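Enquirer: make a model of this:
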Amino acid sequence: MPLRFTLRQLEYLVAVGECGSIALASDRVNVSSPSISAAISQLEQEFGLPLFVRKHAHGLSLTQGGKQFVEQARVVLAQAARLNDLANGITGKVRGPLNVGCLLTFAQVVLPQLRRSFVDEYPEVDFHQFERNQSEIFEGLRGATLDVALSYDLNIPPDLEFVALASLPPYAVLPEGHPLAHLAAISPADLADEPLILLDLPLSSEYFLSFFSEIGMRPRIAERTRDMAVMQSLVGQGFGYSIANIRPWSDRSPDGRPLRYVPLTGPVRAMRLGLVLSEGARASQTVRAFIDHCRGALTPDTAQGLKLRIDGPVRDF
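Expert: Got it, this is the predicted structure:
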């Protein structure tokens, strides 16, 4: 009996099963909600059983059969990916799909340039990028919806691998007219009484707040945002300062206000930028090529164009 379903439909099934919502799955795989809904309906019709329980106010929940189907779909998708890797190994070519995640805080600064140079070198790679927070990156790597991800070394779980690329020291982000903006460096103690615009993403916010807890102080949080551009604009308009490890090309906020990036000193550790991989990801020739490309692209010389500070070679720990 011929198969009447596609790998793409299985990908949509896994995405909806993990997200619990067609709308969220649509954002994850960059496909319209009606297309995903149609794919799920076709799978249910093909196999003759309901895979989800529809709850209008609470999205979708997997049936017991649906849970087993999602688990097996992950296996099928992983095996299909290995076929592509096998073909690449036999032919010596770097090609096929590559799903790359990137942490929200620097997706606009780092990934587009790396993607441009990588696909120019390997035009047969079907490159897709996904902006995620740290928790979503871990989930995507474990669920095989991401092949590799650019992120920080924040609470990397033992079942995932981290390949360090660059060391990124923290900066205080200040409006141009701030009394501390002219200093060569600032300590967290200097900022504790100032209003903080906290970049409030999972794990990242804990890292920023640790600068103050290390010295037994509490920052005065005036506003929280998950959007880097919103943070920059609030700082530019004088609502407070913020902390970041990435400097964009322009020292102006999105609404045109001048910003100052002043290095933080004291008990503050630099963040490491790197690649997060799932177990077995290095078996893919395309993933290996991307790792090598990132290592070559993020050198002390080329990193200056990204305004990344690399304190000598960065090695895996």
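Enquirer: ok, which stretches of the stretch 201-317 of the chain are strands?
Expert: Taking DSSP state E, counting those that start in this stretch as the test, the strands found in the stretch 201-317 of the chain are 220-225, 242-244, 259-263, 271-278.
Enquirer: gap between stretch 239-259 and the chain center?
Expert: Centroid displacement of stretch 239-259 relative to its chain, using Cα atoms, centre = their mean, to the nearest Å, is 20 Å.
Enquirer: measure it end to end?
Expert: 12 Å (Cα to Cα, to the nearest Å).
Enquirer: mind listing what's buried in it?
Expert: 239-248, 253, 257, 259 (16 or more other Cβ atoms under 10 Å). Quick note: C-beta positions are derived from backbone N, CA and C, even for glycine.
Enquirer: pLDDT averaged over that stretch - what is it?
Expert: Taken as a whole, stretch 239-259 carries a mean pLDDT of 91.
Enquirer: so R28 makes contact with G143?
Expert: No. If you go by Cβ atoms under 8 Å, R28 and G143 don't touch, sitting 9.8 Å apart.
Enquirer: who has more neighbours, these two?
Expert: Counted by other Cβ atoms under 10 Å, R28 and G143 do not tie: R28 has more neighbours, with 25 against 17.
Enquirer: element containing the nearest residue in space to the more buried one that is not next to it in sequence, please.
Expert: Leaving out its chain neighbours, the residue that sits closest to R28 by Cβ to Cβ, 6 or more residues apart in numbering is A15, at 5.2 Å. Taking DSSP states H and E as the definition, A15 sits inside helix 7-19.
Enquirer: could you list the alpha-carbon positions for that helix in CSV?
Expert: Taking C-alpha atoms only, helix 7-19 is exported to CSV below (Å, rounded to 0.1, in the frame of the first residue of the first chain):
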residue,chain,number,x,y,z
LEU,A,7,7.6,14.1,5.7
ARG,A,8,6.5,17.7,5.8
GLN,A,9,3.2,16.6,7.2
LEU,A,10,5.0,14.7,10.0
GLU,A,11,7.1,17.8,10.7
TYR,A,12,3.9,19.8,11.2
LEU,A,13,2.5,17.1,13.4
VAL,A,14,5.5,17.2,15.7
ALA,A,15,5.4,21.0,15.8
VAL,A,16,1.7,21.1,16.8
GLY,A,17,2.2,18.3,19.3
GLU,A,18,5.1,20.2,21.0
CYS,A,19,3.5,23.7,20.8
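Enquirer: distance from the chain centre to it, please.
Expert: That offset, for helix 7-19, works out to 20 Å (Cα atoms, centre = their mean).
Enquirer: quick revisit: just the buried residues of stretch 239-259 now: which is nearest L183?
Expert: Using Cβ to Cβ, Y241 comes nearest to L183 of the buried residues of stretch 239-259, at 12.2 Å.
Enquirer: what are the ranges of the helices in the stretch 1-150 of the chain?
Expert: Secondary structure of the stretch 1-150 of the chain by DSSP state H, counting those that start in this stretch: the helices cover 7-19, 22-29, 33-47, 64-91, 111-121, 134-142.
Enquirer: mean pLDDT lowest for which of the ones you listed?
Expert: With a mean of 78, helix 64-91 has the lowest mean pLDDT of those.
Enquirer: from the contact counts, what lies against it?
Expert: helix 7-19, strand 96-103, helix 285-297 (3 or more Cβ pairs under 8 Å, 6 or more residues apart in numbering; DSSP states H and E).
Enquirer: pLDDT weak spots in the stretch 201-317 of the chain?
Expert: 299-317 (pLDDT under 70).
Enquirer: mind running it again at 50?
Expert: Applying pLDDT under 50 to the stretch 201-317 of the chain flags residues 304-305, 309-317.
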